Structures are given as C-alpha cells and as structure tokens.
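In: When you get a sec, could you give me coordinates for this:
(one chain, ligands or ions: 3)
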Amino acid sequence: MTHDRRRLDIYVRSVTATGLVLLAVLVADAGRDGLLGELGVWMFAGYVLLGELLSIRVRRGSEQVEVTTSCAFSFALLLTLGPAPAAIAQVAGSLVADVVRRKPLTKAAFNVAQYTLSLAVAGLVLAVTTDLPRAGAGFRLDDLAGVIAAAGTFFLLNFALLAVVIALLHGVTLRETVVRNVGFQARTDAVVLAMSPIVVAVAERNLLLIPLLALPMWAVYRSARVSFENERLVDVLRTKADETEHRALHDALTDLPNRTLFNQRLAAAIDAASSSGTLVAVMLMDLDRFKEINDTLGHKNGDLLLQKVAARLTALFREGDTIARFGGDEFAVLLPSIGSAATATDVARRIETALEAPFPVDDMHLEVGASIGIALFPEHGGDGDTLLQRADVAMYSAKAGHSSHELYSAERDGYSARRLTLVGELRNAIDNRELTVHYQPKASLQTGRIDSVEALVRWQHPTRGMLFPDEFIPIAEHTGLIRGLTLAVMELALRDLRDLAGDGLTPAVAVNLSTHNLLDRHFDEQVTQLLRRWNVDPSRVLLEITEGSIMADPTRAMAILSALTDAGMEISIDDFGTGYSSLAYLSQLPVSEVKIDKSFVMQMADNASDAVIVRSVIDLGHNLGLRVVAEGVEDAASWHQLARLGCNSAQGYLLSRPVSAPALRSLLHELRGGFRPVAPAEASRLRVVGGGTGDVAQ
Ligand code: C2E
Ligand code: CA
Ligand code: CA
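Out: Numbers count the residues shown, from 1 in each chain. Ligands and ions are numbered 1, 2, ... in the order given. So this is what the prediction gives:
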C-alpha cells in the first residue's frame with residue numbers, strides 16, 4: 001500500500017465515522033421531535049432518490065461527470081424542517097440509489113457521511129444567520145443572505161470532503177484538484193441549490209406538485225447537455241483539424257517532419273540567420289544498402305528499419321533542430337543556428353556513431369551506414385533550394401569518395417563535373433580497349449599451389465594514367481556501363497587464359513560480378529557465348545559475387561546463378577562477413593566457395609574477435625560443404641594460422657599483388673612447385689624475384 005493510499009484510508013474512515021455518529025445524533029433528534037413519522041419527510045426522501053437515480057451524465061473534457069438534483073430536495077427540507085429531516089431524507093434516498101447502483105459499501109457510507117456533515121454544518125449556518133426553519137411561514141427577503149451563506153457552506157464542505165479523496169486517490173495535490181474542479185462543481189451545484197426555494201414554495205402548496213418541477217429541470221439539463229455535446233464536437237473537430245495539419249506536414253511512416261515542413265522551417269531559419277548573422281546547416285543523408293535490404297527482406301522490414309533509424313536519429317537532436325524524412329531512405333537535417341561549420345560536422349559524426357550499432361529487425365541485425373552531405377547558409381547558398389541542391393552534391397561526393405560525410409565545396413562540385421566526363425570517357429574506354437586486367441593468384445594452403453587467379457580490372461587512361469577499380473566501378477554501376485565492363489573483363493581474362501594454356505598453365509580464373517549482372521537476364525547467355533568463342537572450359541571460370549549483389553533481387557539472382565552453374569561455372573561469395581546475410585542462407589544458392597573478407601583476415605593476429613570470425617567462417621563453411629578462401633593474407637603468420645584452421649586457400653600480398661598477364665605467366669612458372677611462405681627478411685628478396693618489377697606489378 002502506498003503512502004497516499006494509507007492516508008486515503010485513514011481519511012475516508014474518519015470522515016465516515018464522524019458523519020455516521022452525527023447522523024445517529026440527528027436521527028435521535030428527529031425521533032424526539034416526531035419527525036420520523038412525517039409523510040413529507042419520506043416523500044422528500046423519495047424525491048432525493050429520484051434525483052439521484054435520474055442523474056445526468058455529462059462530459060467534462062475527456063471525463064464523464066454525473067450531476068444529480070437530489071440536493072435541491074434535501075436543501076429544501078433543511079430550509080423548512082431543519083438539518084435532521086434533511087439529512088435523513090438525503091441519506092435514505094442516496095443510500096437506496098447507491099444500493100441500486102451496487103456501489104461498494106465504503107463508498108455509500110462515505111456519501112452518507114459527506115451529506116450528513118454538509119447538511120448539518122449548513123443547518124448551523126442557517127440557524128446562526130436566520131430564524132429558519134420557521135414553522136408554517138414562508139421566506140422573507142431578509143432570509144436571502146443566510147440562505148445563500150448556508151448554500152455556500154453546504155457546497156464548500158461537500159466539495160472539500162470529496163476533493164481530498166480525489167487528490168489522494170490520483171496522487172495530485174489538493175490545490176490542483178480544487179483548481180481543476182471547483183468551477184464546474186460550483187456552477188452545477190448553484191443551479192441545483194437555487195431550485196430548493198422553488199421546491200419549498202411548491203411543497204407549501206402541495207407536495208404532490210413537486211414532480212412538475214421535473215419539467216423545467218429536464219429542460220435545464222437538456223440545454224446543459226446540448227452545450228456539452230457541442231463542446232465535445234468542437235473538441236473532436238479541432239483534434240481532427242490538428243491531425244489533418246499534422247498529416248500534411250509529417251511523414252506517415254516515421255512521423256518525422258516531411259519535405260514541406262522542412263522547407264518551411266528552412267526558409268524561417270534563413271530569415272532569422274540573415275539578421276542574427278549565424279549559420280544555418282542543411283544536411284542530406286541517405287542510408288547505404290537500404291535498397292538491398294528493402295528488396296531482399298521485404299518492405300515491411302524495410303519500413304521497420306526506417307522507423308528504428310528515425311527513432312535513433314530523433315534522440316540525437318536538440319529542441320529547435322529538425323530531422324525530416326524526404327521519402328525512401330532519404331533524411332534531412334536542419335540546424336537553424338550554429339556558430340561554425342565544425343558544429344555541423346560534429347553532428348554528422350554523431351549521426352554516424354548513432355547508426356553504428358546494428359538494428360534488430362525480425363531476428364536479424366541489420367547494419368546500415370549513411371552518406372551525409374552538408375551545405376551551409378550563407379556560404380554555399382542564399383536560399384533553401386540552392387542549399388538542398390548543394391547538400392545533395394556533397395552527399396554524392398561522400399558516397400563516391402567512400403567517406404561518410406562531406407561538406408559542400410565548389411571544388412567538389414567540380415568533382416561531379418569530372419565524374420560526368422569520366423562517364424563519357426569510360427564508355428569510350430570499354431569500346432577502345434583501354435581496360436586491362438591484372439591477376440592476383442589464390443594458392444592452396446595445403447600444397448602452396450596456385451589453383452586460380454582473380455581478374456581485377458584496371459583502366460589505362462590516356463591522360464590520367466592507370467586508374468584503379470574503386471575510382472570507376474561505382475560510376476560504372478550507377479550508369480549501367482558495368483554490363484559492358486564485366487563482359488570486357490571476362491573477354492580479356494578468357495583470352496589470357498587461352499594464352500596461358502599454350503604454356504601448359506591452366507589456372508581457373510575468377511571474375512567479379514556486380515549487382516547489375518545478376519539482374520540482367522541476358523548475362524548467362526552472353527557469358528556462355530564468350531566461353532565458346534575463346535574455347536575455355538566453363539569449369540575453369542569462377543564468378544565472384546557479394547552478398548549485397550544477391551540481395552538486390554534474390555529470386556532473379558537465383559535464376560541467373562543457376563543458369564551459370566548449369567552451364568558449368570562456379571560461384572564464389574566475395575567479401576563475406578561485411579554484409580548481414582547468414583552463410584547458411586547463402587549456401588542454399590548454388591555456390592561452391594566463400595571468401596572471408598580481408599578486413600578480418602588482416603586483423604586476425606591483433607584482434608581476437610576477428611580471429612573468432614575467421615575461425616567460425618572456416619568451420620561453418622566446411623559444414624555447409626563450401627571451399628573457404630582467405631583474402632588479404634599479408635604475412636606468413638596469418639598463412640600458417642589459416643592453414644592450421646583448415647582454410648583451403650589464401651590470397652593476398654604475401655603470395656602476390658595483382659600483376660599483369662605477362663607477370664602472371666612468370667609467376668605461375670616460378671611457383672609451379674608451390675608457394676612457401678618465408679620469414680620477412682627472405683620475403684623481401686622473394687618479392688623482387690617473383691612479384692614482378694614495378695612496371696608490371698598491380
Ligand atoms: P575485391 O574483389 O575484394 O578484390 C580484392 C582487392 O583487394 C583488390 O583491390 C586487391 O588489390 C586488394 N588486395 C588483395 N590482396 C590484398 C592484401 O593482402 N592486402 C590488401 N590491403 N589488399 C589486398 P583492387 O584490385 O583495387 O579491387 C578493388 C575492388 O574492385 C575489388 O575488390 C572488386 O570489388 C572491384 N573490382 C575489381 N575488378 C572488378 C571487375 O572487373 N568487376 C567488378 N564488378 N568489380 C571489380
Ligand atoms: Ca573479388
Ligand atoms: Ca574481396
């Protein structure tokens with residue numbers, strides 16, 4: 001029992017006890033005066049009962065409140081016969097009503113006590129201020145003040161006794177309870193008590209006429225009720241209008257402000273900042289990998305993820321900042337008044353940190369990164385549209401530069417110009433055979449023999465020199481040029497493979513595929529055509545795909561992968577561990593190999609959790625019947641450790657960097673007997689001999 005509960009209990013018991021004792025005294029008093037036999041008193045008790053039973057329920061705000069007329073009758077009795085009969089009639093009537101309504105006994109007893117006390121004290125006030133009740137004679141004008149004082153006392157005491165209960169029951173202060181209720185209660189009680197002189201006047205003619213009073217009372221109630229209903233309707237309409245406005249300005253999924261509200265606030269922030277001289281920051285952000293997640297795991301989970309992201313982001317911002325969702329996975333942030341660009345980049349960093357922990361969605365733990373572009377008023381634009389556009393440019397360069405956030409800079413806008421020219425140039429490069437392929441071998445950890453080589457594209461740019469895939473693969477992927485690029489790489493690799501075969505060298509070749517290839521229905525056909533043209537056995541071709549590229553459209557990817565494996569090629573899962581998919585799920589696809597991402601392998605000596613990951617991918621992979629390859633093997637220690645763990649093959653700078661086709665030829669000849677990892681001192685010597693010279697390496 002809480003403290004308040006205990007106090008409530010004590011209070012209710014003492015009020016009830018006092019009231020009941022007083023009632024007993026009054027009943028004895030009335031008995032002595034012979035009033036208990038008066039028909040009038042009992043008729044009044046009947047009216048009290050009717051008044052209680054025919055109470056009217058009215059709404060007060062969100063609550064329902066009962067208003068009864070019973071006091072009009074008991075107070076009339078008080079004026080004509082005194083407190084004892086008044087209390088008796090009131091108590092008898094309300095008691096019967098409470099029993100009919102099945103109110104708990106304690107409540108009914110408290111009501112009895114409450115009425116008795118109020119009527120008794122009001123009777124005292126009446127006795128002091130007037131000579132009422134005055135047998136046989138009606139009211140006089142000079143009774144008015146006393147009657148009003150008695151009515152006031154009755155109301156106050158009645159109200160106060162109950163207010164304490166409400167306060168204790170709801171754990172609010174008495175003051176709060178009084179402030180909340182006194183106005184309403186006073187208004188309704190005033191109306192009811194004002195009826196009593198009329199009741200007296202009517203009763204003096206004939207007690208049986210009193211029911212006629214029901215008519216005007218009913219009219220008063222009706223109008224009260226109508227006005228309450230009206231207020232309620234106004235409330236409902238107002239809430240509805242608020243909701244409509246809210247809907248128009250907020251995103252339905254996350255309840256964040258939408259673009260319209262964001263633009264309004266941005267315009268206001270620019271206005272304010274123009275006069276205050278502060279900066280406004282606009283950030284645009286989209287989630288990395290969201291599309292894949294959404295397509296793979298379904299919109300429901302995608303939506304769930306967005307809601308969780310929104311909630312996590314919301315918690316980051318101060319009052320006055322705005323975080324909005326523009327649709328899809330695009331969010332916008334407005335910092336309306338900041339002192340320097342550093343604040344904005346700090347916030348961007350905070351967003352990144354907040355998104356670091358995986359999001360639990362439907363048994364999975366989804367990881368989403370974000371790319372954030374920042375533009376500042378007034379430096380980067382004088383109006384909302386320009387700022388948003390510039391933030392978009394910055395976001396794009398964040399994505400392309402693989403950093404998680406970028407501040408807009410005119411220079412980088414130049415980057416997007418450079419990017420545009422690069423797109424045009426790449427198209428030509430594919431046609432003009434500016435692309436070349438370097439090869440990085442994978443060797444068996446048991447025998448040291450090179451069983452396959454991975455084809456890694458390079459762009460021999462006429463003016464910029466050799467470009468690495470990270471610089472142009474993302475562009476190729478965004479523009480669809482990746483289809484032509486993959487086929488070009490494939491063709492170059494098959495040509496080199498055929499040439500090597502002339503030397504008796506027969507490694508398999510691994511070609512990297514991208515998402516687009518796995519969505520392209522003609523891809524398998526085009527590949528088999530190439531195989532036929534270069535007369536290469538499909539079993540010597542391995543296709544490396546990433547978890548993400550399957551997730552874009554698993555059904556379609558599955559169909560294309562099956563067609564490729566049916567034709568005799570093998571599939572390898574690249575960069576395993578960087579996505580969120582389970583290996584068990586991936587092994588349901590027609591794959592034969594999994595490559596542990598280099599980020600784990602490179603760290604396995606220093607980072608215990610990476611070592612655990614490597615070990616469990618090896619074990620799990622084997623249990624699922626897959627060959628396991630470790631990439632990024634840079635030192636002999638890792639090599640030996642991987643061999644001990646039962647990993648099948650290794651790839652990495654220790655064995656060889658990616659090398660040109662001629663360098664590969666020498667390397668394969670040299671390592672015919674198998675690669676043997678050596679101590680660091682020896683390794684540097686080996687690299688000069690085997691890794692190729694500077695002009696062919698990479
Ligand atoms: P990837 O498929 O994971 O290729 C391995 C990348 O890691 C290569 O970078 C390689 O040079 C590098 N690497 C290999 N061993 C080590 C090591 O021991 N330590 C370190 N730190 N790095 C190592 P590269 O050639 O720059 O390729 C980067 C990425 O570009 C590739 O990653 C692949 O995703 C993509 N890529 C390359 N060629 C193609 C292609 O023809 N088509 C497609 N779609 N993507 C390609
Ligand atoms: Ca690869
Ligand atoms: Ca890889």
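In: separation between G51 and S94?
Out: 9 Å (Cβ to Cβ, to the nearest Å). The C-beta positions use only the backbone N, C-alpha and C, and glycine is treated the same way.
In: hey, what's in contact with both of those two?
Out: In terms of Cβ atoms under 8 Å, 6 or more residues apart in numbering, G51 and S94 are both contacted by the residues S70.
In: I'd guessed F110 sits against T16; true?
Out: Yes. F110 is within contact range of T16, at 5.2 Å (criterion: Cβ atoms under 8 Å).
In: Which one's more surrounded, the two?
Out: Under the criterion of other Cβ atoms under 10 Å, the comparison of F110 against T16 puts F110 first, with 23 against 20.
In: hang on, that one is in a strand, isn't it?
Out: No. Residue state for F110 (DSSP: H, G, I helix; E, B strand; the rest coil) corresponds to helix; a strand is not indicated.
In: where does the nearest residue to A145 once chain neighbours are set aside fall, phi/psi-wise?
Out: Distance criterion Cβ to Cβ, 6 or more residues apart in numbering; nearest residue to A145, sequence neighbours excluded, is T129 at 6.7 Å. Torsion angles at T129 (phi, psi; degrees, to the nearest 10) stand at phi -90, psi -20.
In: Name the residues of stretch 90-104 that come out as buried.
Out: Q90, V91, A92, G93, S94, L95, V96, A97, D98, K103 (16 or more other Cβ atoms under 10 Å).
In: partner strands of the longest strand seen in the chain, parallel or antiparallel?
Out: Scanning the chain for the strand with the most residues, using DSSP state E, yields strand 450-461. As defined by DSSP bridges, the strand partners of strand 450-461 come to strand 435-444 (antiparallel), strand 465-467 (antiparallel), strand 508-512 (parallel).
In: So which of those is nearest ligand 2?
Out: Ranking these by proximity to ligand 2 (Cβ to the ion) places strand 508-512 first, at 4.6 Å.
In: what does that closest one rub up against?
Out: Here strand 508-512 has contacts from 439, 442, 451-457, 486, 489-490, 493-494, 496-497, 539-544, 570, 572, 574, using Cβ under 8 Å, 6+ apart.
In: thinking again about what came up before, and the residue nearest to A145, what does it touch?
Out: Per Cβ under 8 Å, 6+ apart, neighbours of T129: A145, G146, A149, A150.
In: ok, of the strands paired with strand 450-461, where does mean pLDDT dip lowest?
Out: Lowest mean pLDDT of the strands paired with strand 450-461: strand 465-467, a mean of 92.
In: Quick one: residues in contact with that strand.
Out: In contact with strand 465-467 (Cβ under 8 Å, 6+ apart) are residues R458, W459, Q460, H461, Q698.
In: Do the helix or strand just after that strand and ligand 1 come into contact?
Out: Downstream of strand 465-467, the next assigned helix or strand under DSSP states H and E is helix 469-479. Yes. Using Cβ under 6 Å from any ligand atom, helix 469-479 comes into contact with ligand 1 via P469, D470, I473.
In: For this structure, name the helix or strand with the lowest mean pLDDT.
Out: Here the helix or strand of the chain ranked lowest by mean pLDDT, DSSP states H and E is helix 680-690, holding a mean of 47.
In: coming back round to it: any idea how far the residue nearest to A145 lies from A151?
Out: 11 Å.
In: same check, this time on P677
Out: In terms of Cβ to Cβ, P677 sits 104 Å off from A151.
In: just S397 next, same as before
Out: For S397, the distance to A151 - Cβ to Cβ - is 79 Å.
In: circling back to that earlier point, mind listing what's buried along the longest strand of the chain?
Out: Going by 16+ other Cβ under 10 Å, strand 450-461 has these buried residues: I450, S452, V453, E454, A455, L456, V457, R458, W459, H461.
In: for the stretch 301-450 of the chain, what spans make up the helices?
Out: Counting by DSSP state H, counting those that start in this stretch, the stretch 301-450 of the chain has helices at residues 341-356, 384-400, 410-432.
In: are any of the contacts of T129 buried, and which?
Out: By 16+ other Cβ under 10 Å, the contacts of T129 give G146, A149, A150 as buried.
In: just to revisit the earlier point, okay, the buried residues of strand 450-461 in JSON lines with distance to L513 and pLDDT next?
Out: Putting the buried residues of strand 450-461 into JSON lines (distance: Cβ to Cβ, whole Å; pLDDT from 0 to 100) gives the following:
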{"residue": "I450", "distance to L513": "22", "pLDDT": "97"}
{"residue": "S452", "distance to L513": "16", "pLDDT": "97"}
{"residue": "V453", "distance to L513": "16", "pLDDT": "98"}
{"residue": "E454", "distance to L513": "12", "pLDDT": "98"}
{"residue": "A455", "distance to L513": "11", "pLDDT": "98"}
{"residue": "L456", "distance to L513": "13", "pLDDT": "98"}
{"residue": "V457", "distance to L513": "12", "pLDDT": "97"}
{"residue": "R458", "distance to L513": "18", "pLDDT": "97"}
{"residue": "W459", "distance to L513": "18", "pLDDT": "95"}
{"residue": "H461", "distance to L513": "23", "pLDDT": "91"}
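In: which of these lies closest to ligand 3?
Out: Ligand 3 lies nearest to E454 out of these, by Cβ to the ion, at 8.4 Å.
In: what pairs with that closest one across the strands?
Out: Q440, A510.
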